[in-house]
Every structure is written in structure tokens, then in C-alpha cells.
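[1] predicted model, plus sequence, below.
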Amino acid sequence: MANRPLVFGVLNVTPDSFSDGGLWDSPENAIEHARAMVADGGDVIDVGGESTRPGAARIDDGEERRRVEPVIRALVGDGISVSLDTMRAETARLGIDLGVDYINDVSGGLSDPAMLGVVADSNVTYIAMHWRGESDVMDGNATYGDVTRDVLSELRARIDAAQGAGIAPGRLWIDPGLGFAKTADHNWQLLRDLNQFVALGYPVLVGASRKRFLSPFGEAPADRDQATAITSVLCAEAGVAAVRVHDVARTAEALRVRNSWWGGAA
Ligand code: PMM
């Protein structure tokens, strides 16, 4: 039987995320969608109140907290495992107080100097993603000597910073940050080299879902779910701990096929 990665279902409680912006921006719709993702096989719901799509402008932090709070409250109340996708320490603190299990920081602690300390003072797991600047400038930062070597060394620096701030190694995950200051070729190279990220010894999360590099397989983001599900299986083969996807049902089914392949139950 194969180790199955956890499936993180994406819940963007935002009016402007690139593939599902505006769909779940009322708390009621968001909560209903999260419950459906759990029914479809989602293990964790990744709640985000601020879009990180390329070109997006930052929003007010009070607005971010106002968006995520009712949703986190309801999901934690249901007993659902919640990850909070935020770059802000104060939003992370709110999530921690409300009972989230993960803080998913796409900036790996670079955006808000207070973030690592807030997480260190809690019991949550910290997901440090590779990042090179805000969404409005990141496409201009996609220059690397060797993308795998450079992303690995920049992530190692974030691991050191997180541990230096007091986050125990057992509470630390890493993510190569597909699409964040990366071209399509960079993303494919990172996927090809995922074993090198796994070899660092921290659980690895991959967020490939519906991203622009999958556009050869679907013009519109929602048409990229089959490509996403196949990518999820390939990530599983490379030993990742979790995949972050919009279409939970398709990835969950694809992972069940993989499990059968390796002699497990469907
Ligand atoms: N991608 C997005 C947002 N949050 N978090 C992690 N850890 N990894 C990712 O790749 C990631 C993320 C952007 O995608 P979305 O707009 O579909 O949420």
C-alpha cells in the first residue's frame, strides 16, 4: 500500500482569486463549499482571505480577518481540520486562537516580521512556501541560475529562520511555491526535482492546481482539473505529504487509483 498525501481543499474567500474568485465570498457559500470538499475526500480546508494571483494588490488586514473569521469558526466547530493561508501575523494569531491546525504562509515568513514568532508561540504546523515578493512584482523576479538549486537554498534559509524563531522541526512543512516568481519551465523543473525537496526531511506540500503552467491542458482555470489530478498522482509518487487542490473529488479519485495500483483499497 502506498502512503497517500493529504488533500488540502482550496477555499478562497475572496472576490478576486484567479480561478474561483467571487464564488465563495459569502460565509454561507464558503462554508457549504468546504463541507462539500470534505465529503469529496478533502482532509484539510485551506482558507484564504487575500488573493495571491499574479498582479493582485494587497488588501486591508482587517478586511482579511473579517472574511476568514466566520468561515474558520464554522469549520473548526464542525471538527474539520483547517489551514489558514495568510502572510500576516495578526491574521495568523486570530486563526490560531480559533483553532486552525496549519498556518500556510506563501511568503515563508518574509512578508511580516512578526509571523514566525506568532507561530512559534503556538502548536500549529507552519507551511513555509518559497516566495520572492508580492504578487504585483513576482513575475519580474523569475530569474534563476538553476531553479531547483536556488529554490532549495532559499527555502533552507526560511527553514533556518523558522527554527531560529522557535518553531520546532516537527511543526515545519515546506512548499516550492509553483507559479510564484516562476515560469512554466521553472515549475516543471521543480516538479521533476521534487525528490530533492522531499530529501530535506520536511513534509512537502505542492500547489499546482489550475495554475497557468497547466494552460496547455485547459484554457480556463477550471478546465485544468484533469491535469491537476494527474499532477497530484505524480506528486504522490515523488513522496509529497500533501497537495493543495480546487477540485478535491478528482484528485481524491486519482489518488485512490494510485492506491489500488500499489495494492491498497480503492
Ligand atoms: N498557491 C496559491 C495560494 N496559496 N499556498 C501554498 N502553500 N502553495 C501554493 O502553491 C499556493 C498557496 C495560489 O493559488 P490560488 O489562487 O488558486 O489559491
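    Perfect, thanks for sending it.

[2] could you use CA atoms for every contact and neighbour count after this?
    OK.

[3] for the lengthiest strand in the chain, the averaged confidence score.
    When the chain is parsed with DSSP state E, its longest strand is strand 6-12. Taken as a whole, strand 6-12 has a mean pLDDT of 97.

[4] for stretch 164-179, same thing?
    Averaged across stretch 164-179, pLDDT comes to 98.

[5] hmm, back to that, dump the longest strand of the chain to CSV, restricted to CA.
    Extracted in CSV, the C-alpha atoms of strand 6-12 (Å, rounded to 0.1, in the frame of the first residue of the first chain):
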residue,chain,number,x,y,z
LEU,A,6,-3.2,14.7,2.4
VAL,A,7,-5.6,16.6,0.2
PHE,A,8,-5.9,20.3,1.0
GLY,A,9,-9.1,21.8,-0.5
VAL,A,10,-8.7,25.4,-1.6
LEU,A,11,-11.3,27.8,-0.1
ASN,A,12,-10.6,31.3,-1.4
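
[6] what strands line up against it, and which way round?
    strand 44-48 (parallel), strand 242-245 (parallel) (DSSP bridges).

[7] can you get me a residue count around G263?
    Burial of G263 is recorded as 11 neighbouring residues (other C-alpha atoms under 10 Å).

[8] quick check: it vs the ligand, distance?
    Look at G263 and the ligand: by C-alpha to the nearest ligand atom, to the nearest Å, they are 30 Å apart.

[9] wait, A242 touches V206, no?
    Yes. With contact defined as C-alpha atoms under 8 Å, A242 counts as touching V206 (6.5 Å).

[10] show me where this protein has its helices.
    Ranges of helices within the chain are 27-39, 61-77, 89-98, 115-120, 147-164, 184-192, 194-198, 225-237, 248-261, based on DSSP state H.

[11] who touches the fourth one?
    To tie it back to what came earlier, the one meant is helix 115-120. Residues outside helix 115-120 that contact it (C-alpha atoms under 8 Å, 6 or more residues apart in numbering) are 87-90, 92-93, 103, 109, 126, 161-162, 165-168.

[12] now the angle from the longest strand of the chain to helix 248-261?
    170 degrees (axes from the mean of the first three to the mean of the last three C-alpha atoms, to 10 degrees).

[13] which residues are in contact with the closest residue to the ligand within the chain?
    Nearest residue of the chain to the ligand (C-alpha to the nearest ligand atom) works out as G207 at 3.5 Å. By C-alpha under 8 Å, 6+ apart, the contact set of G207 is 175, 177-178, 243-245.

[14] now G99: how far from V204?
    G99 sits 22 Å away from V204, going by C-alpha to C-alpha, to the nearest Å.

[15] re the thing from before, just the buried ones among the contacts of helix 115-120, please.
    87-90, 92-93, 103, 109, 126, 161-162, 165, 167 (16 or more other C-alpha atoms under 10 Å).

[16] any chance of those in JSON lines, plus distance to I45?
    Listed next are the buried ones among the contacts of helix 115-120 as JSON lines, based on distance: C-alpha to C-alpha, whole Å:
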{"residue": "M87", "distance to I45": "17"}
{"residue": "R88", "distance to I45": "19"}
{"residue": "A89", "distance to I45": "20"}
{"residue": "E90", "distance to I45": "20"}
{"residue": "A92", "distance to I45": "15"}
{"residue": "R93", "distance to I45": "18"}
{"residue": "I103", "distance to I45": "12"}
{"residue": "G109", "distance to I45": "21"}
{"residue": "Y126", "distance to I45": "15"}
{"residue": "A161", "distance to I45": "26"}
{"residue": "A162", "distance to I45": "23"}
{"residue": "A165", "distance to I45": "26"}
{"residue": "I167", "distance to I45": "22"}
